[in-house]
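> I would like to see how this sequence folds:
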Amino acid sequence: MPRTLSKEAVGEFRERLIDAAERLFATEGPAAVTMRQLAGELGVSPMTPYRYFTDKDAILAAVRARAFNRHALALETAFDEAGPNLFARAAAVGRAYVAFAIAHPEAYKLMFDIRQSGEEAYPELVAAGERSRRMMTRHLEEMAAAGVLKQDPRLVGHMFWAALHGPIMLSFSGMLEGAYDIGLLSDSLMEALGRGVFGLPPAGTQTF
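Reported below is the predicted structural model:
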């Protein structure tokens, strides 16, 4: 009979399993990873992961939910620490978005490069995804409320999201050339979009 584990021990093992799954899912793709392989990564029996998750899809959902929550927290922290200036908040959120992707490439890929069927069966994943996406438009909604932004803030949010996601994925694939790295490319795109959306001066300090 399996021994009864404390709540702390269960939580610790789940985190270890999620860590291992994040690496394997990102590098090999979820379809190629098996529960036996995950167990082998942790040096436990093939049946052990089933004590913590019903199946591989549940593990993938947990991996992605944790990633979305960490992503949201990074953006929330940047938003709060930027102060009351609306443009400073927008700039901070944009920088935090890129910084998270660079620091956590495996998590980022699983957040935005994977879509699970039946995601609604995992409420923690749904809530985490909504929290993350909310932080990508919160500053723009404030700008709209203040009359600074005239366009639909959700549409503009998707525009900035797409402009950030492109350089990130190109960087991950090693396709950016020389000096045109992710920092320069993302900053330039945010500045160009900022000029177009808000009419900011090209040489201004209001970089997104």
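> do a quick rundown of the helices in this structure.
7-28, 35-42, 56-81, 86-103, 105-112, 123-135, 138-145, 153-172, 182-198 (DSSP state H).
> ok, the closest residue to Lys150 other than its chain neighbours - contacts?
Closest residue in space to Lys150, ignoring its immediate chain neighbours: Ala144 at 7.8 Å, by CB to CB, 6 or more residues apart in numbering. For the C-beta atoms, the positions are set from N, CA and C on the backbone; glycine is no exception. Contacts for Ala144 (CB atoms under 8 Å, 6 or more residues apart in numbering) come out as Lys150, Gln151, Pro153.
> so where's the chain shaky on pLDDT?
Applying pLDDT under 70 to the chain flags residues 1-5, 200-208.
> ok, Ser45 - contacts?
Shown in contact with Ser45 (CB under 8 Å, 6+ apart): Ala39.
> between the contacts of Ala144, which is closest to Ala21?
In terms of CB to CB, no member of these lies closer to Ala21 than Pro153, at 34.8 Å.
> shouldn't the closest one be in contact with Met143?
Yes - look at Pro153 against Met143 with CB atoms under 8 Å: they come within range, at 6.9 Å.
> for Met136, see how far away Asp19 is.
To Met136, Asp19 is 26 Å away according to CB to CB, to the nearest Å.
> between the two, who's got more neighbours?
The neighbour comparison of Asp19 against Met136 (other CB atoms under 10 Å) goes to Met136, with 20 against 15.
> for that one, phi and psi?
Main-chain torsions, Met136, degrees, to the nearest 10: phi -90, psi -10.
> so it touches Arg154, yeah?
No - applying CB under 8 Å as the test, Met136 and Arg154 come out as separate, 9.3 Å apart.
> comparing Pro153 and Met143, which residue is more hemmed in?
Remark: of Pro153 and Met143, Met143 carries more neighbours, 21 against 18, as counted by other CB under 10 Å.
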